[in-house]
Each structure stands twice: as structure tokens, then as C-alpha cells.
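In: what would the 3D arrangement of this be:
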Amino acid sequence: MPEVVNVKAHCNSCLKETKHVLVAEKKTSWSDEEWAGEMHGDDSYQIVECCGCGTVGFRRVSTGTQILDEEGNFSEEVTYFPAAVSRRKPEWLGDWSFRVDEDIESLLNEIYVAIHEDLRVIAGNGIRTVLDMVMTNKVGDLGGFPAKLSAIESAGLISTSNKEFLKVTIDAGSASAHRAFKPTQQDLNLLLDIAENLISAIYILPDQVKALSKKVPPRPKTVKNTGN
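Out: Numbering: from 1, shown residues only. Below you'll find the predicted structure:
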């Protein structure tokens, strides 16, 4: 019976690094003849299965002279196929029961891809753009963000506190677009929380509440006591 080998790997279902069983592995080596063997490395292609949820994934573990840590020692570079997912999409995205605007949904999907690939500047700029699309869709193209934020607040679609949250989110996205601001993964999660909450409040919750109200049985009529 072959020995079971366990490795640490990212699980896209558990959304974190967990213990995996190494199901299969294929190793290859390479060298660059132009550098007389000074450039060389190894690639290990692995099929792994999460010990927690059973999800099967594929990854490449690379080592070589081109992958060195700060002290000049060999280190590993791990690439996942598909890319490692750090944030789960909201359940309503892609749900045909509650449809978001098609262009907004498409851009949201691109933002998640950017986050999974650690393209944080692109993701920050994308969040700013999707907020602009949401506000323009609801109140029209009124010019800059301040006018749109005021209009969407006046329309009763956001509260005063939510307006301030959105202003910070838009400012962060603008910094990514124009000043090369690179938000941290934690920053992006916060910005995306704010964007998702706005989209949910405007597009999703009204339909969900309407559907729920149809299921709630009406109150029984009260019979008045006439005293006879």
C-alpha cells in the first residue's frame, strides 16, 4: 500500500490553507544552457485533495535559481489552477432569481478575478468604477462623485453614514487609479464589503423583501364584539 503524503495547500472551498493529501505528482527539471547551468530549477505538478472538505485542486510548486528569498536561499513559488480564491462571491451574484444589472455583474466578476490574482491596484480601481456605474444607473450621470452621492442619498437609497463609507471607498479607488495606491488584502475586503452592501441594498433586498411579503399569510380579520 503506497504511503499517504500530506501537504499544506490552499483550498478554494475552505478559503484557507489546509492539510491536503497528495493524490498524484509529476516532477520536471529545467536549465538554461545560455547560462552554462547557472540557471536551473524544478517544477512539481501536483493533484491535491483537501482533508477537510474533499475538494480536489491542481498546483505547480516551483523552485530554482530565479526564486530566491531575501537571504539568497532557494524558496518555493506555488501557483494554483484555478487561482487561489481568497474571498467567496456573494450568493446573489449570478442568481437568476434576483438579477443585478448585467454590466455591473460582469465588472464584479472581473474584480473577484483581480483579487484572487492579487492585482490589488486593478481591484481597487474596479470597485470605484462599479460604484460609479451603480449610482449612474440609479440617479443618472450628474457629473462627479459628490453630486451622485448627494443624489443617491436624497433618493433614499443610502443613509448619511453609508454616504461617508462610500466616499472613503471611492477615494481609495481613485488613489489606486491615479496615485498608484496599492490597498492591502484587508483593505480590499472592506472596500468590497461596502460595494456589495450597496448593490445588495439597491438591487437584491427589494426583490427579496417583495418575494417574502407574498409568502407571509395575512392577519386574520378581527371580529368586533357588538355586545349583543
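In: CA only for contacts and neighbour counts going forward, please
Out: Fine.
In: in the sheet, who's paired with Lys16?
Out: Counting by DSSP bridges, Lys16 is bridged to Cys11.
In: tell me how far it lies from Val85.
Out: Per CA to CA, to the nearest Å, Lys16 is found 9 Å from Val85.
In: do the same with Leu108
Out: 15 Å.
In: ok, Lys16 and Val85, which is more surrounded?
Out: Ranked by neighbour count (other CA atoms under 10 Å), Lys16 and Val85 place Val85 first, with 21 against 13.
In: that one belongs to a helix?
Out: No: counting by DSSP: H, G, I helix; E, B strand; the rest coil, Val85 is not part of a helix but coil.
In: can you check the pLDDT for it?
Out: Here the pLDDT value assigned to Val85 is 79.
In: that one against Asp118, yeah?
Out: No: using CA atoms under 8 Å as the test, Val85 is too far from Asp118 to be in contact (9.9 Å).
In: any chance you could map the helices in the protein?
Out: Using DSSP state H, the helices assigned to the chain run over residues 102-116, 120-139, 145-154, 160-178, 185-199, 205-215.
In: endpoints of stretch 151-168, how far apart?
Out: Start-to-end span of stretch 151-168 (CA to CA) is 17 Å.
In: give me the contact list for that stretch.
Out: Residues outside stretch 151-168 that contact it (CA atoms under 8 Å, 6 or more residues apart in numbering) are 135, 138-139, 149, 194-195, 198, 201-202.
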